[in-house]
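> Build me a model:
(chains A and B)
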Amino acid sequence: MNWFTRVRNSLPFVAKRSTEETLWVKCPGCSEMLFTREYEENLRVCPRCGHHGRIGADERLRQLLDEGYEVLPQPEVAEDPLKFRDSKKYTDRLKQARAKNPHRDAFTVGSGAIEGHPAVVGVQDFGFMGGSMGMAVGTAFCQGAQRALTRKCAYIVATAAGGARMQEGILSLMQMPKATVMTRRLKEAGLPYIVLLTDPTTGGVTASYAMLGDVHIAEPGALIGFAGQRVIQDTIREKLPEGFQRAEYLHKHGMVDMVVGRHELRGTLASLLDYLQPRAAA
Amino acid sequence: MISYLEFEKPVAQLEARIAELRSAAEGDDVDISAELRRLERKSADLLASTYAALTPWQKTQVARHPARPHFRDLVHHAFDEFIPLGGDRYYGEDEAILGGFARLGGRRVMLIGHEKGNDTESRLRHNFGMGKPEGYRKAIRLMEMAGRFGLPVVTLVDTSGAFPGVEAEERGQAEAIARSTEACLALPVPMVATIVGEGGSGGAVALASAERVLMFEHAIYSVISPEGCASILWRTAEKAPDAAEAMKVTAQHLEKLGVIDRIVPEPVGGAHRDPATAAGSLAQAIGEELDALAGRSADELRRAREERFLRIGGA
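So this is what the prediction gives:
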């Protein structure tokens, strides 16, 4: 069955209009038109160029955790404490983001196991206001860590964020030390904390919990850095080096332990967890 | 020679007029002392009322004033001794972040802070107060040493942000900041941080994750510069005054939000008008905070530090 037959066969079952929009997807890496179902079956990795597409929290949890995991409820936090407004009200931006996302904010926690190893997995979703870290993200991160402390198991966090959520001003900045309080508690409890850096991870997220893991794994090609590329370019007024701030570049400079493709992530995490077993409680 | 900010123009005009009268009166037998006194009072009142009602954007300008006292000025006026220590032991010495042993009215402390520099030469040497990974790693080294020798840690925060450069990224700017924040939280000794000028983003929080956080009256503390926020959310840096307003960057706002604990008063017209007095208020405030924390156990101190951050947004 060639591609044309496959496409034609699936046509009668879907309205024509949605067909055009949902049947095909353009690879953000090589612009190849890909058959959506195959792209999704391939974990949103382009079969042609290997580009790792961005994925939401639910999909990430499904990919990493064994079946039957529990999704923690999103924390209740003060909403729009600064009454922030730019060209739009922050509350309207939140409403819009929620209309397009199954979750109330950008950080979702799943509690379960990875190939039998007990684990709590936190996922930051770039699709929700650029994954930006505000009080809801910081608090959800902490709740995930707390669940790992209670279960005495590993905490794995997939990061993705443009940075802090400016609409929460200083309160978003304060999530950096807040999250760090919890990574310290995991360390003190002898529990492993693994960071999975996904595209993109920048700003205050990188400069706090994304860089404090026992092991740092990055997805291929992921943009990872502290300062934005435009800001750096404006500062140094030179061309940025080839592959600057990409996963492979960070690996070369000693900031991540390994670059691992999405298909191998689960297996890699499972083998790491086999070594990073919590010490027996004294 | 004072350099005036845009909104200080009416004050500048009055002060120029006073200076003019003074020089004209020299060697003249006309008595203008009454007129001078009247003008001086008027000028002082105007300065006081202007500074009592500064907008967030005006405060941003005061916090960045070229003549604002920086780390070395404040240390010179407020501390009795400062023995700088250099280097991170891995890569180099970063003069954007200074640190070392210091004495504050008989108290021995570890003093760390950003230095912006006061003229072209020193600004370049101190990289305008923008720390690199080696600067934050030096801070970590000094904090760990302070912990081992029971020295309270005092920090003076004054940075527009950590340095955004290729080499800083390659050497792990983000990791260095994260570890420095972690080092603050791990301290078994008291830590008192003061935002003395600009508290810019992660580069500031890395030295400000303390149980007591103070702020100079006209300092600002924010997650991103007003210009940066404006260019992202309003798509033009010209909206910086609106961004400063919306982000609530002033000491007065942040005290209400519970992000800082205490505001250190500045002389009328800002710290740059009288650095010695500003430094004196700072020394007194830090001294009182250190005395209040003295005698607490390592666990109590860490717990207090953790609680202050965990409660922001709930946990």
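> helix or strand for residue B:59, which one?
In the assignment (DSSP states H and E), residue B:59 maps to helix B:56-63.
> ok, residues contacting that helix?
The contact list for helix B:56-63 (Cβ atoms under 8 Å, 6 or more residues apart in numbering or on different chains) reads B:5-7, B:54, B:68, B:197-198, B:216, B:218-220, B:226, B:240-241, B:244-245, B:247-250, B:253, B:270, B:272. Placement of C-beta: from N, CA and C, glycine included.
> So which of these would count as near chain A as well?
Among the contacts of helix B:56-63, the residues within reach of chain A (Cβ under 8 Å from any Cβ of the partner chain) are B:247-249.
> For residue A:224, grab phi and psi.
Here is the backbone geometry of residue A:224 (degrees, to the nearest 10): phi -140, psi 120.
> any idea how far it is from residue A:161?
11 Å (Cβ to Cβ, to the nearest Å).
> Show me the common contact partners of the two, please.
Between them, residue A:224 and residue A:161 share these contacting residues under Cβ under 8 Å, 6+ apart: A:200-202.
> Throw the residues you listed into a markdown table and include distance to chain B, thanks.
Listed next are those as a markdown table, based on distance: Cβ to the nearest Cβ, whole Å:
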| residue | distance to chain B |
| --- | --- |
| A:200 | 13 |
| A:201 | 9 |
| A:202 | 8 |
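> Show me the strands in the chain, by range?
Just so you know, I chose chain A. A:24-26, A:33-35, A:70-71, A:107-114, A:117-124, A:154-161, A:193-201, A:215-218, A:258-259 (DSSP state E).
> sorry, should have said chain B
Under the criterion DSSP E, chain B contains strands at B:81-84, B:97-104, B:107-114, B:153-159, B:191-200, B:212-216, B:220-222, B:262-264.
> Can you report how many residues neighbour residue B:170?
Counted with other Cβ atoms under 10 Å in any protein chain shown, the neighbours of residue B:170 add up to 18.
> again with residue A:147
Per other Cβ under 10 Å, the neighbour tally for residue A:147 reads 18.
> Can you read off the pLDDT for residue A:6?
Here, the pLDDT recorded for residue A:6 equals 67.
> Then residue B:3?
With respect to pLDDT, residue B:3 scores 86.
> In helices, which of the ones next to chain A among the contacts of helix B:56-63 fall?
Counting by DSSP state H, the part of the ones next to chain A among the contacts of helix B:56-63 found in helices is residue B:247.
> As CSV, the ones next to chain A among the contacts of helix B:56-63 with neighbour count would be great.
Listed next are the ones next to chain A among the contacts of helix B:56-63 as CSV, based on neighbours: other Cβ atoms under 10 Å in any protein chain shown:
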residue, neighbour count
B:247, 29
B:248, 24
B:249, 28
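> Just send the strands of chain B back as JSON lines, with mean pLDDT, mean neighbour count and distance to residue A:129 too.
Shown next, in JSON lines, are the strands of chain B (pLDDT from 0 to 100; neighbours: other Cβ atoms under 10 Å in any protein chain shown; distance: least, Cβ to Cβ, whole Å):
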{"stretch": "strand B:81-84", "mean pLDDT": "98", "mean neighbour count": "13", "distance to residue A:129": "43"}
{"stretch": "strand B:97-104", "mean pLDDT": "98", "mean neighbour count": "22", "distance to residue A:129": "32"}
{"stretch": "strand B:107-114", "mean pLDDT": "98", "mean neighbour count": "24", "distance to residue A:129": "31"}
{"stretch": "strand B:153-159", "mean pLDDT": "98", "mean neighbour count": "28", "distance to residue A:129": "27"}
{"stretch": "strand B:191-200", "mean pLDDT": "98", "mean neighbour count": "29", "distance to residue A:129": "22"}
{"stretch": "strand B:212-216", "mean pLDDT": "98", "mean neighbour count": "25", "distance to residue A:129": "27"}
{"stretch": "strand B:220-222", "mean pLDDT": "98", "mean neighbour count": "29", "distance to residue A:129": "19"}
{"stretch": "strand B:262-264", "mean pLDDT": "98", "mean neighbour count": "18", "distance to residue A:129": "32"}
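> In a markdown table, list the ones you listed along with distance to residue A:177.
Converted to a markdown table, the strands of chain B look like this (distance: least, Cβ to Cβ, whole Å):
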| stretch | distance to residue A:177 |
| --- | --- |
| strand B:81-84 | 26 |
| strand B:97-104 | 18 |
| strand B:107-114 | 16 |
| strand B:153-159 | 13 |
| strand B:191-200 | 11 |
| strand B:212-216 | 10 |
| strand B:220-222 | 13 |
| strand B:262-264 | 18 |
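> contacting residues around residue 79?
Defaulting to chain A. Going by Cβ under 8 Å, 6+ apart, residue A:79 touches A:91, A:94.
> right idea, wrong chain: chain B
Neighbours of residue B:79 in contact, by Cβ under 8 Å, 6+ apart: B:102-104, B:111, B:283.
> Try it again at 7 Å.
Contact analysis of residue B:79 by Cβ atoms under 7 Å, 6 or more residues apart in numbering or on different chains lists B:102-104, B:111.
> Pull the number of nearby residues for whichever residue of the stretch 51-200 of chain A sits closest to chain B.
Closest to chain B within the stretch 51-200 of chain A is residue A:135: 2.9 Å, counting by Cβ to the nearest Cβ. Neighbourhood size, residue A:135 [other Cβ under 10 Å]: 24.
> Show me chain B divided up by domain.
According to automatic domain parsing, chain B comprises the domains B:6-53, B:59-311.
> if I look at residue A:53, how far off is residue A:234?
Going from residue A:53 to residue A:234 by Cβ to Cβ gives 29 Å.
> picking up where we left off before, just the ones next to chain A among the contacts of helix B:56-63 now: which is nearest residue A:240?
Nearest to residue A:240 out of the ones next to chain A among the contacts of helix B:56-63 is residue B:247 (Cβ to Cβ; 28.7 Å).
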